[in-house]
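> With the input below, show me the fold.
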Amino acid sequence: MALESKEHVQDKGDRFWTTVVADLFPGYFAAVMATGIVSIAGQLLEWTHLARVLLYLNVPVYVALAFLTLARLVRFPRRLSADFADHARGSGFFTTVAGTCVLGSQCLLVGERRDAAEILFAIGLALWLFVMYGFFTTVIVRETKPTLEQGINGAWLIATVATQSVALLALAVRGPFGWPEEAVAFGALVFFLIGCMLYLAIITLIFYRFTFLPLATAALTPPYWINMGAVAISTLAGSTLLLAQERSPLLASFAPFLKGFTLFFWAAGTWWIPLLVLLGVWRHVVRRHPFAYDPQYWGMVFPLGMYTAATFRLSQALPYPPLAAIAKGFYPLALVAWFATALGWATSLAIRKRKGASSVASQIN
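Purely as a prediction, here's the structure:
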């Protein structure tokens with residue numbers, strides 16, 4: 001009887017993990033993106049101990065998510081394919097690219113591990129090619145398409161974030177695998193411009209959806225903060241290109257253009273912040289939409305950390321030192337958001353595990 005009960009518990013445990021793998025949210029790598037950029041911003045602002053702690057937390061999270069995603073690919077390929085081809089959920093796979101590249105930058109800037117950064121750069125570049133062309137080809141050629149209201153959301157802008165994250169990691173590693181620095185700088189500039197192109201195309205659709213189509217509170221999800229995060233990472237990429245101009249005559253020749261374009265994106269990101277706060281107040285205070293942990297909240301933490309890092313780098317690239325004070329004032333907000341979301345994640349897992357254990361115990365008894 002005891003042996004049967006033990007086998008029953010093991011069977012229930014297996015089913016629990018099977019459910020976790022089968023239902024894995026495609027955008028969960030946003031947790032890696034958020035933790036990585038909050039760590040990098042901390043390193044820039046000389047919160048070095050905290051930055052290193054976040055690095056130690058981020059590596060196992062990335063490995064676990066990579067393992068779960070591969071397990072889903074092997075065990076549930078149809079579910080994964082269906083998510084990939086879905087207009088609303090497929091864009092979440094861009095977080096695998098951005099999470100990989102942000103972790104690579106974190107390993108290099110915080111952990112001083114160039115070897116790890118190079119490996120993650122190669123993985124991130126391969127994922128970018130696969131997800132970028134796979135997702136857009138799939139949603140373009142499918143016969144049945146959703147309306148704009150149903151299909152577009154803030155997560156589409158992670159395509160911009162993913163592209164800029166590749167440019168940033170390339171610039172950080174400088175000459176990965178012995179590649180010429182001038183060629184790497186040119187490639188980073190091209191990726192920066194592709195990221196800008198994607199932002200301008202997608203944000204037009206999102207702004208139209210915001211202003212001319214009905215917007216339910218349930219549809220105003222946290223990834224809409226990527227409206228700001230995508231321009232923040234574009235600002236960081238532009239600032240990093242400006243700071244790297246000494247090692248590339250080509251970048252130096254583009255400096256005036258880069259300076260104006262980068263400031264344009266920082267201004268756009270700053271404009272979004274009050275509007276997104278007001279929309280959050282409308283959702284949760286006016287319409288009383290309940291607060292509950294959702295993995296999509298990581299898509300709100302990332303822009304806060306990215307705005308901090310981007311504003312600090314822009315203050316150096318222009319140079320315009322007063323901007324550094326804004327970055328220092330913004331960083332505590334990013335930290336609070338990170339801790340609140342991490343606490344929500346831990347609580348959610350504990351509740352889910354307890355419910356699973358209670359269910360098993362009741363069935364045994």
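> Alpha carbons of stretch 199-206, as CSV, please.
Output of stretch 199-206 as CSV, limited to C-alpha atoms (Å, rounded to 0.1, in the frame of the first residue of the first chain):
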residue,chain,number,x,y,z
TYR,A,199,10.2,49.8,-34.0
LEU,A,200,8.9,52.5,-36.3
ALA,A,201,6.8,50.0,-38.3
ILE,A,202,5.3,48.1,-35.3
ILE,A,203,4.7,51.1,-33.0
THR,A,204,2.6,52.7,-35.7
LEU,A,205,0.2,49.7,-35.6
ILE,A,206,0.2,49.7,-31.8
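> What pLDDT is listed against Glu4?
According to the prediction, Glu4 has pLDDT 51.
> Likewise for Lys12?
pLDDT, read off for Lys12, is 60.
> after the helix or strand harbouring Ala116 comes which helix or strand?
Assignment of secondary structure by DSSP states H and E places Ala116 within helix 114-141. Next along the chain after helix 114-141, taking DSSP H and E as the criterion, comes helix 148-151.
> What helices and strands are in contact with that next one?
If you count contacts as 3 or more CB pairs under 8 Å, 6 or more residues apart in numbering; DSSP states H and E, helix 148-151 packs onto helix 181-212. For glycine as for every other residue, the C-beta is placed from the backbone atoms N, C-alpha and C.
> what packs against the helix it packs on?
Packing partners of helix 181-212 (3+ CB pairs under 8 Å, 6+ apart): helix 148-151, helix 158-173, helix 226-243, helix 249-253, helix 255-281.
> which ones are touching Phe177?
Shown in contact with Phe177 (CB atoms under 8 Å, 6 or more residues apart in numbering): Glu118, Ala122.
> quick one: the nearest residue to Leu250 once chain neighbours are set aside from Pro180, how far?
Spatially, and ignoring its direct neighbours in sequence, Leu250 is nearest to Phe186 (6.0 Å; CB to CB, 6 or more residues apart in numbering). Separation of Phe186 from Pro180 (CB to CB, to the nearest Å) stands at 9 Å.
> So between these two, which is more surrounded?
Just comparing Phe186 and Pro180: by other CB atoms under 10 Å the higher neighbour count belongs to Phe186, 14 against 9.
> What separation do you get for the more buried one and Thr35?
Distance of Phe186 to Thr35, given as CB to CB: 31 Å.
> can you check Gly92 too?
Per CB to CB, Gly92 is found 17 Å from Thr35.
> hang on, the earlier thing: could you list the buried residues of the helix holding Ala116?
Buried residues in helix 114-141, counted by 16 or more other CB atoms under 10 Å: 116-118, 120-121, 123-125, 127-128, 131-132, 135, 139.
> Would you mind giving those residues as a markdown table with distance to Leu236 and pLDDT added?
Below are the buried residues of helix 114-141 laid out as a markdown table (distance: CB to CB, whole Å; pLDDT from 0 to 100):
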| residue | distance to Leu236 | pLDDT |
| --- | --- | --- |
| Ala116 | 21 | 96 |
| Ala117 | 16 | 97 |
| Glu118 | 20 | 96 |
| Leu120 | 17 | 97 |
| Phe121 | 17 | 97 |
| Ile123 | 21 | 97 |
| Gly124 | 16 | 98 |
| Leu125 | 18 | 97 |
| Leu127 | 20 | 98 |
| Trp128 | 17 | 98 |
| Val131 | 21 | 97 |
| Met132 | 20 | 97 |
| Phe135 | 24 | 96 |
| Val139 | 28 | 94 |
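> would you turn those into CSV with distance to Val59?
Output for the buried residues of helix 114-141, formatted as CSV (distance: CB to CB, whole Å):
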residue, distance to Val59
Ala116, 9
Ala117, 13
Glu118, 16
Leu120, 11
Phe121, 16
Ile123, 14
Gly124, 15
Leu125, 20
Leu127, 18
Trp128, 21
Val131, 22
Met132, 25
Phe135, 27
Val139, 32
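> how many neighbours does Thr262 have?
Thr262 has 27 nearby residues by other CB under 10 Å.
> and it, what pLDDT?
Looking at Thr262, the pLDDT reads 97.
> next one: the one 3 residues further on
What the model reports for Phe265 is a pLDDT of 97.
> where does the protein have its least confident helix or strand?
None of the helices or strands of the chain scores lower by mean pLDDT, DSSP states H and E than helix 2-22, at a mean of 65.
> Quick check: which of the helices and strands packed on helix 181-212 is nearest to Leu44?
Nearest to Leu44, of all these, is helix 226-243, at 10.3 Å by CB to CB.
> I'd say Ile194 and Thr163 touch.
Yes. Counting by CB atoms under 8 Å, Thr163 is a contact partner of Ile194 at 5.3 Å.
> Looking at those two, which has the bigger crowd around it?
Counted by other CB under 10 Å, Ile194 and Thr163 do not tie: Thr163 has more neighbours, with 30 against 18.
> so what's that one up against?
Trp128, Met132, Phe191, Ile194, Gly195, Leu198.
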